[in-house]
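Enquirer: everything below, folded, please.
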Amino acid sequence: MQRAPFSFRCFSVAPLLALLMACCATSAQADGFAAYISPPRFEIQAVAGQTLREVVEIQHVGREKGNYRIYTNDWVFNPDNSVTFSDALAPDSCRPWVAIERRELAIEPGARYRYRFEITPPPDTPPRECRFAIMVEGLETAKVAGQLNFPVGGRIGVIVYATLGSAAPRLELAATRVTAVNGQTTAVIDIRNTGNAHGRIEGFVNGTDASGQDFELAPADLPIMPGETRSLSLSPVVTEGQTAPTVRFPLRVKGALEWGKNRLPLDTSFTP
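Expert: Numbers count the residues shown, from 1 in each chain. Purely as a prediction, here's the structure:
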């Protein structure tokens with residue numbers, strides 16, 4: 001049976017358990033989802049007709065043995081920067097190429113497990129990017145009033161990007177503008193990807209605001225999917241322990257950002 005798509009990636013508590021705890025003033029003893037997973041994503045190169053093997057390390061940090069279910073999902077990166085995962089095969093999904101080591105796993109407290117998966121693209125696969133997620137789902141239960149067991153767990157999606165052949169992003173600056181982000185006036189660059197693989201914009205540019213204040217700015221670390229235009233905020237680089245400066249617009253920005261070995265010049269003024 002397929003699950004409905006979901007769009008969270010961290011701890012979740014069963015609503016029925018929460019309702020019983022609130023109404024009956026009882027308590028539950030459970031560690032919930034208690035795993036660290038590394039790496040959080042893979043950006044790898046695959047070859048058509050060859051098997052590529054990778055490893056996800058799962059560390060169980062709960063006080064009792066942890067039980068997990070592991071499976072694959074397709075996913076979509078939404079315009080609001082959230083991720084929606086789905087059991088249903090997406091059009092042109094590459095999940096049939098993926099083999100996972102096992103579907104259920106038990107890990108002792110404090111132990112680590114190196115979980116293996118493989119990608120085997122068919123020999124005639126043209127250049128493209130294979131994208132899927134390795135889902136790690138907690139299968140813990142909790143007792144309510146010493147009698148009933150209800151699931152208490154969560155799911156984490158490890159994102160995998162596997163590039164085949166000459167597939168690559170092609171990024172270009174589509175627009176610059178000023179908009180509100182989390183209630184703050186923010187400089188934003190819109191980046192268009194006309195390639196056939198995802199890309200990321202990196203680096204730093206210099207900014208001078210209306211008060212004469214100088215600082216470095218960096219783009220949000222978000223993937224830009226093939227065929228889409230993604231909005232990236234430009235924010236001041238803040239040293240740990242310090243507060244972010246207040247940017248007073250208009251803001252003058254000059255320098256060059258990067259994607260792969262390519263440069264993206266930026267020389268403009270951001271005016272609300």
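
Enquirer: can you pull out the helices in the stretch 101-250 of the chain?
Expert: Ranges of helices in the stretch 101-250 of the chain, per DSSP state H, counting those that start in this stretch: none exist.

Enquirer: could you list the low-confidence segments of it?
Expert: 141-153 (pLDDT under 70).

Enquirer: distance of the residue lying closest to residue 213 once chain neighbours are set aside from residue 162?
Expert: In this structure, residue 213 finds its nearest non-sequential neighbour in residue 245, 6.3 Å apart by CB to CB, 6 or more residues apart in numbering. (Each C-beta comes from the backbone N, C-alpha and C, glycine too.) Separation of residue 245 from residue 162 (CB to CB, to the nearest Å): 40 Å.

Enquirer: what about these two, which has more around it?
Expert: residue 162 (24 against 15; other CB atoms under 10 Å).

Enquirer: verify the stated contact: residue 128 with residue 162.
Expert: No: the criterion here is CB atoms under 8 Å, and residue 128 misses it with residue 162 at 9.4 Å.

Enquirer: and residue 252, what is it in contact with?
Expert: Residue 252 is in contact with 207, 208, 209, 268, 269, 270, counting by CB atoms under 8 Å, 6 or more residues apart in numbering.

Enquirer: let me have the residues you listed in JSON lines, extended by distance to residue 191 and neighbour count.
Expert: Output for those, formatted as JSON lines (distance: CB to CB, whole Å; neighbours: other CB atoms under 10 Å):
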{"residue": "207", "distance to residue 191": "18", "neighbour count": "24"}
{"residue": "208", "distance to residue 191": "23", "neighbour count": "15"}
{"residue": "209", "distance to residue 191": "23", "neighbour count": "20"}
{"residue": "268", "distance to residue 191": "14", "neighbour count": "15"}
{"residue": "269", "distance to residue 191": "19", "neighbour count": "14"}
{"residue": "270", "distance to residue 191": "15", "neighbour count": "23"}
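
Enquirer: those residues: which two are farthest apart?
Expert: Using CB to CB, these reach their maximum pairwise distance at 209 and 268, which is 13.8 Å.

Enquirer: before I go, just wanted to say thanks for your time.
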